[in-house]
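Trainee: sequence? don't have it. structure:
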């Protein structure tokens, strides 16, 4: 994790962090090299690939935690510019969120 920063989403305070999935994540989880690993569960399981980067944003809304995830299609590794464009677009979406 890197770039831990305070944020405001929909008038609520929280934090954001950038996450890079370690190349060794599959070995640590007992998976086969080249596959995805489940990172978040619930009604739908969200998976990530080794080397993938994404941003987590979490805010407290009342007595609930709301977590938002900014990611892109990782079937092809995006360029640095593509990732920056995604994060800029994601920030514009977050700026428009209301609860």
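Mentor: Looks like it arrived, so ask away. As the structure is a prediction and not an experimental result, all values here were calculated from the model.
Trainee: For residue 15, pull up the helix or strand it's in.
Mentor: strand 12-20 (DSSP states H and E).
Trainee: Quick one, grab the pLDDT at residue 7.
Mentor: At residue 7, the predicted lDDT confidence score is 91.
Trainee: Test my guess that it contacts residue 13.
Mentor: Yes - under the criterion of Cβ atoms under 8 Å, residue 7 makes contact with residue 13 at 7.5 Å. Just so you know, the C-beta spots here come from the backbone N, C-alpha and C atoms, and that holds for glycine as well.
Trainee: what number of residues lie near the residue nearest to residue 4 when sequence neighbours are not counted?
Mentor: Closest residue to residue 4 apart from its sequence neighbours, by Cβ to Cβ, 6 or more residues apart in numbering: residue 17 at 4.7 Å. Counted by other Cβ atoms under 10 Å, the residues lying close to residue 17 total 15.
Trainee: wait, what's in contact with residue 17?
Mentor: 1-5, 55-56 (Cβ atoms under 8 Å, 6 or more residues apart in numbering).
Trainee: still on that earlier bit, name the residues contacting each of residue 7 and residue 13.
Mentor: residue 59.
Trainee: ok, the two, which is more surrounded?
Mentor: Set side by side, residue 7 and residue 13 show more neighbours around residue 7, with 16 against 10, by other Cβ under 10 Å.
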